[in-house]
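**Q** Would you be able to build a 3D model of this:
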Amino acid sequence: MQSETLAVGQYEVNCVALWNDPAQAWIVDPGADPNGIRDLLRRHSLQVAQYVCTHGHIDHVSALNDLLSTHPAPVCLHTADAKWAFSAINSLPPFYPIPPRRPASLQTELTDGGILTAGGIEVRTLFTPGHTPGGICLHLPQEKLVLTGDTLFAGSIGRTDFPGGNMQLLQQSLQKLMSLPDDTRVLPGHGPLTTIGDERRENPYLPKR
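**A** The predicted structure is shown next:
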């Protein structure tokens with residue numbers, strides 16, 4: 001599998017393109033800079049098989065409408081976040097003053113341990129609420145890779161002081177991630193790549209075993 005990461009927007013969200021099929025890619029967390037994402041697709045001669053948002057915060061979804069106008073594809077977002085992600089509550093002035101419109105192609109039935117397939121890629125979804133009510137992580141066991149959105153970062157964890165945040169749920173979600181093998185690479189929603197093993201040993205916000 002091939003991948004490329006773009007840091008997009010004022011909050012430098014890691015927008016990730018994943019592809020096996022030479023013509024079909026997943027776009028994960030298209031939070032800003034739709035033209036930069038289109039440039040990535042053009043450079044690799046890719047179309048979009050599917051958009052996936054790890055959670056509903058506007059810095060992870062705001063480029064959707066612009067991208068869908070040129071690269072239509074299904075959009076996956078957990079139902080618990082789809083309830084508010086396209087409403088005024090999800091604006092963040094001055095950087096993101098207007099929430100995106102609800103996509104017609106939105107798919108919200110994502111289950112814990114369920115399988116998403118598109119464009120020759122198969123991903124296991126992990127339901128990881130806490131940062132938001134409908135946060136998910138994307139686990140690719142064969143690639144030894146998990147995309148953790150804003151649940152787990154290198155040396156840190158997601159905030160829970162936004163509306164819908166819940167520290168107890170976040171701790172349960174982090175325990176779920178800590179059940180993955182130590183050599184699993186962690187690509188978070190912001191910041192550098194890490195591994196489950198490094199976070200288990202060094203992250204001060206995780207209980208030590």
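**Q** so who does E109 touch?
**A** Residues in contact with E109 (C-beta atoms under 8 Å, 6 or more residues apart in numbering) are T79. All C-beta atoms are positioned from the backbone trio N, CA, C, and that covers glycine.
**Q** Please report how far it lies from I136.
**A** E109 sits 12 Å away from I136, going by C-beta to C-beta, to the nearest Å.
**Q** now swap in L77 and tell me
**A** For L77 relative to I136 (C-beta to C-beta), the value is 9 Å.
**Q** for G191, same thing?
**A** 19 Å.
**Q** Okay, now the unreliable bits of this protein?
**A** 208-209 (pLDDT under 70).
**Q** Let's see that with 80 instead.
**A** 207-209 (pLDDT under 80).
**Q** Nearest the middle, which residue of it would you pick?
**A** T54 (3.0 Å; C-alpha atoms, centre = their mean).
**Q** Quick check, that residue in contact with D150.
**A** Yes - counting by C-beta atoms under 8 Å, T54 does reach D150; the two are 7.1 Å apart.
**Q** anything in contact with each of the two?
**A** H60, G135, G189.
**Q** Show me which of those is closest to P99.
**A** Closest to P99 out of the shared contacts of T54 and D150 is H60 (12.0 Å), distances taken as C-beta to C-beta.
**Q** I figured L187 hits T5, correct?
**A** Yes - using C-beta under 8 Å, L187 is in contact with T5, at 7.1 Å.
**Q** Name the residue in those two with the higher neighbour count.
**A** L187 (22 against 17; other C-beta atoms under 10 Å).
**Q** how about the helices in this structure?
**A** Under the criterion DSSP state H, helices of the chain are mapped to 34-43, 58-61, 64-70, 79-82, 167-177, 196-202.
**Q** Now the second one: buried residues?
**A** By neighbour count, and taking 16 or more other C-beta atoms under 10 Å as the criterion, the buried residues in helix 58-61 are I58, D59, H60, V61.
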